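J.: Predicted structure and sequence below. I'll ask about it afterward.
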Amino acid sequence: MQRIRLRYTKRGRLRFTSHRDFQRAFERALRRAEVPMAYSAGFTPHPKVSYANAAPTGTGSEAEYLEIQLAEVREVEQLRKLLDESLPAGLDITDAVEARTSSFAERLEASVWELRLDGVEPADAERAVAAFLAAEQVDVQRRTKNGLRTFDARGAVIRLEARDAAADRPGDGPCAILRLVVRHATPAVRPDDVLSGLRATADLAPPVPAAVTRLAQGLLDEESGTVTDPLAPDRDAAPAFPTTAAGPSPAGGAQVPEGSA
Amino acid sequence: MPVESVFPRLEALLPHVQKPIQYVGGELNSTVKPWDECDVRWALMYPDAYEVGLPNQGVMILYEVLNEREGVLAERTYSVWPDLEELMREHEVPQFTVDSHRPVKAFDVFGLSFSTELGYTNMLTALDLAGIPLDSKDRTIDDPIVLAGGHAAFNPEPIADFIDCAVIGDGEQAVLEITEIIRAWKAEGRPGGREELLFRLAKTGGVYVPAFYDVEYLPDGRIGRVVPNKSGVPWRVSKHTVMDLDEWPYPKQPLVPLAETVHERMSVEIFRGCTRGCRFCQAGMITRPVRERSITGIGEMVDKGLKATGFEEVGLLSLSSADHTEIGDIAKGLADRYEEDKIGLSLPSTRVDAFNVDLANELTRNGRRSGLTFAPEGGSERMRKVINKMVSEEDLIRTVATAYGNGWRQVKLYFMCGLPTETDEDVLQIGDMAVNVIAKGREVSGSNDIRCTVSIGGFVPKPHTPFQWAPQLSAEETDARLAKLRDKIRGDKKYGRSIGFRYHDGKPGIVEGLLSRGDRRIGSVIRAVYEDGGRFDGWREHFSYDRWMKCAEQTLPEQGVDVAWYTTRERTYEEVLPWDHLDSGLDKDWLWEDWQDALDETEVEDCRWTPCFDCGVCPQMDTSIQIGPTGKKLLPLSVVK
Ligand code: B12
Ligand code: SF4
């Protein structure tokens, strides 16, 4: 069995794709691309796909991850291309590696988010960010299935910075961009929660909904507040020679991709 | 002139609505053509929610046929749910297409597909959101031509005030002809304005322009006559019929939505038309004659369609799929071909015979045998003679015995209540039939763990059928009759708990009846309902019978009619029916004779295997039956791995 880890995006208007919608679209893409999937046992067999930590509906993402299990070995880059072509533009498969390490999900320790706040003066955003970061704890509320829930949105935030978007698009109205690094915790602190926190601490109220995009997920370096590529360990573990497959690699695996870093 | 996308403004609203994905487009196999390079532009609408409208074959076909043409562009639009409607009104975002989010008002044609009358109020919402005047007479040269099609368009009179024109029958060739007429008129600099364009369309004899016809009423409320008010406009407008389905293998690239929809499968129409002659069935009557797609044509469409979509299920569509002359070979051929690929096959089959069970077995060779559906439609032998659904109770019992014997656990039976001449006794016999089905099922399966579900709805008489003259049963009587049947089934100690009972109350049927057989005076009711907030009438949670009745009482009496006049009143031979000037090909005298035969409980045969019974369609429309067998076989395709 070959296991492949994929990185995919939710771009532009397709950021409104819910996770369920994505799952259906992805399984159809597997069929279109004629990927030889491994199936679960049972009365209604399902192709073996595991999804990690999907971004909420309405937020864009450059860094979603999933893993598939194949019944036959395939060349990884070719498979990536085929799958990418089989999905609508905006749901793009941007990276693929063969799984050679375990506990992938645990490597998704943190996310980097970008929040674009149209109509917000960068100076106001900076002030709000400073107030938020100065606080020990910022209680926010979110509606969940079990009613309104109150929790701290500050603790999980590793970094938060505001900058002026004007440089990218001179002429338009004011626009601030926030860059946020958040540790994945329970309960998960999402970009909206941080926005609620900014409203609570500094009355920051964007006139239009923020455009939110996840830029990266991966291992967190607490010191620098950076997030590193979670697929790198799989790439690094690539065997020097295709035949000397190490660890949990495919049994009959003849084709192994080149480790491109 | 460039037309701006409304997406940036819409986008800001989407985080606040349910299921925003339905409004963004970008479906696999969707097409966005450059606006400025096209000179005829269509906005096509299925006037219901995206989840119902997207899988609609009619719209998908026309979308592709038009987009394949050079210089022609078609985009799609669907009804927005009330949450978005409210925001769009507040922020002045107009009705938009999902493909490139252009305002509907910017297109040349706004074509609506009505498979049911329950979409009329949604049309008004869309027109209003689009900024297009609701009344045809108030539109200007800057408004699109509003065109109705689909089965309900066979009686477009209730919406005559709101549409500019209607096309009846198959749309493939009709939309291309219309496109050419618009192209020429635009190229000439739009001489004579809208009126001239509509006149050019009307002159073809295949496009109905209500404004060119005057309706005269008799003192008693009936129609005196319908006359063209402009010379050169034909007295009757005829339906369109596509003759060789193999030449029209659409959709070639079915749309694959991201949002969840009601029908997640690849559908291939295996034939059009049906000549079984069930007297209640409008679809069967208006789509004659039968035209089959060939077995090889079907095989190719399935192959290409699956590759283009990645769907896991194929539906072989038609009005009575088991009737295809080569259905056995088609089913076996496809089951063989996709044995390995976990592709499910389904066939909306309604005929009650053992052959159907064999077919169903073939189609579920690799899967689970959950439920089979049959539609005897009438509970008693007498009723089935009246409606010309020639199935005997012995046939049915034999069939279900085969089904339960082959491992099927659940049988669903469809019926109608309120058929002409029906009595309580006829409906109560449905209970006996269900009991016999369960008794037989327990016997052959040796198990008590089998079920039979009786599903029953009120009958609505439809235009262009032999029952177009029939009185509809009132909602109260329908409900009373259904309650008796329910009590009978529930009261059966021995078998009752194995029988499920599903029914629709009689009220929605009355509104459907009003809209189906209505005339131009019904337009005032539709408008009043829309203005009162009526939307999504096909949805139980939105439909309001009381609102429809309230609005009817406000507007109909001053015109000398009422709801009962349109629904429960029986019509006579002489009466001019509102749709008589729309020619479905059926001879009115033949329909009348068939109505008389129904009352006498006399059956007619299917003209595919017995001599022509002169319904009038073939000579009138210069068409003919097109059926196999071709004798060809479906070759298993080599699967490229
Ligand atoms: C698949 C199907 C469904 C599916 C999918 C519906 C969908 N979104 O498309 C589901 C299961 C959801 C469904 C539901 C219902 N269905 Co249904 N369904 C069918 C079925 C089997 C196929 C429809 C089809 O795709 N036909 C093929 C296409 C190509 O034909 P078409 O849509 O008519 O389009 C052609 C022309 O009409 C024309 N045209 C269409 N639109 C336009 C627009 C313009 C501008 C122009 C110029 C031309 C044009 O051009 C097209 C190409 O030639 C038909 C039976 C049949 N074979 O037609 C029943 C049928 C249409 N359904 C029917 C009914 C009653 C219903 C329900 C009301 C059932 C219920 N009680 O809930 C609901 C209504 C749902 C809704 N709100 O629309 C009836 C309609 C009865 C009638 N008119 O008298 C039919 C005819 C079945 C029958 N024998 O009774 N249905
Ligand atoms: S078999 Fe009867 S109900 Fe079905 S489509 Fe034909 S005529 Fe209509």
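T.: Thanks, I have it. For clarity, every value in this text was computed on a predicted model and none was experimentally measured. Ligands and ions are numbered 1, 2, ... in the order given.
J.: ok, longest helix in chain B?
T.: Scanning chain B for the helix with the most residues, using DSSP state H, yields helix B:424-445.
J.: Alpha carbons only: can I get it in PDB?
T.: C-alpha atoms of helix B:424-445 as PDB (Å, rounded to 0.1, in the frame of the first residue of the first chain):
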ATOM      1  CA  ASP B 424     -64.000   5.500  -1.400                       C
ATOM      2  CA  GLU B 425     -64.200   1.800  -2.200                       C
ATOM      3  CA  ASP B 426     -61.600   2.200  -5.000                       C
ATOM      4  CA  VAL B 427     -59.100   3.800  -2.700                       C
ATOM      5  CA  LEU B 428     -59.700   1.400   0.200                       C
ATOM      6  CA  GLN B 429     -58.700  -1.500  -2.100                       C
ATOM      7  CA  ILE B 430     -55.200  -0.100  -2.000                       C
ATOM      8  CA  GLY B 431     -55.100  -1.400   1.600                       C
ATOM      9  CA  ASP B 432     -56.100  -4.800   0.400                       C
ATOM     10  CA  MET B 433     -53.500  -4.800  -2.200                       C
ATOM     11  CA  ALA B 434     -50.800  -3.900   0.300                       C
ATOM     12  CA  VAL B 435     -51.900  -6.700   2.600                       C
ATOM     13  CA  ASN B 436     -51.800  -9.200  -0.200                       C
ATOM     14  CA  VAL B 437     -48.300  -8.000  -1.100                       C
ATOM     15  CA  ILE B 438     -47.000  -8.400   2.400                       C
ATOM     16  CA  ALA B 439     -48.700 -11.800   2.800                       C
ATOM     17  CA  LYS B 440     -47.100 -13.000  -0.400                       C
ATOM     18  CA  GLY B 441     -43.800 -11.500   0.500                       C
ATOM     19  CA  ARG B 442     -43.700 -13.200   3.900                       C
ATOM     20  CA  GLU B 443     -44.600 -16.500   2.200                       C
ATOM     21  CA  VAL B 444     -41.800 -16.400  -0.500                       C
ATOM     22  CA  SER B 445     -39.100 -14.800   1.600                       C
END
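J.: buried set for the helix or strand just after it?
T.: Using DSSP states H and E, the helix or strand that follows helix B:424-445 in sequence is strand B:451-458. By 16 or more other CB atoms under 10 Å in any protein chain shown, the buried positions in strand B:451-458 come out as B:451, B:452, B:453, B:454, B:456, B:457, B:458. The C-beta positions use only the backbone N, C-alpha and C, and glycine is treated the same way.
J.: list the buried ones in stretch A:182-195?
T.: For stretch A:182-195, burial by neighbour count (16+ other CB under 10 Å) applies to A:182, A:183, A:184, A:189, A:190, A:191, A:192, A:193, A:194, A:195.
J.: neighbouring contacts of it?
T.: For stretch A:182-195, the surrounding residues in contact (CB atoms under 8 Å, 6 or more residues apart in numbering or on different chains) are A:53, A:56, A:59, A:108-111, A:113, A:115, A:132, A:140, A:142, A:149, A:151, A:153, A:155-158, A:160, A:178, A:180, A:204, A:206, A:210, A:212, A:220.
J.: repeat that with 7 Å
T.: Identification of contacts with stretch A:182-195 by CB atoms under 7 Å, 6 or more residues apart in numbering or on different chains yields A:53, A:56, A:59, A:108-111, A:113, A:115, A:140, A:142, A:151, A:153, A:156-158, A:180, A:210, A:212, A:220.
J.: Quick one, which of the residues you listed are buried?
T.: By 16+ other CB under 10 Å, these give A:59, A:108-111, A:113, A:115, A:140, A:142, A:151, A:153, A:156-158, A:180, A:210, A:212, A:220 as buried.
J.: returning to that earlier point: I'd like the average pLDDT over the longest helix of chain B.
T.: Mean pLDDT, helix B:424-445: 94.
J.: What residue in the stretch 201-350 of chain B comes nearest to chain A?
T.: Nearest to chain A, among the residues of the stretch 201-350 of chain B, is residue B:310, at 3.4 Å (CB to the nearest CB).
J.: can you tell me which residues contact that residue?
T.: Contact analysis of residue B:310 by CB under 7 Å, 6+ apart lists A:28, A:29, A:31, A:32, A:86, B:256.
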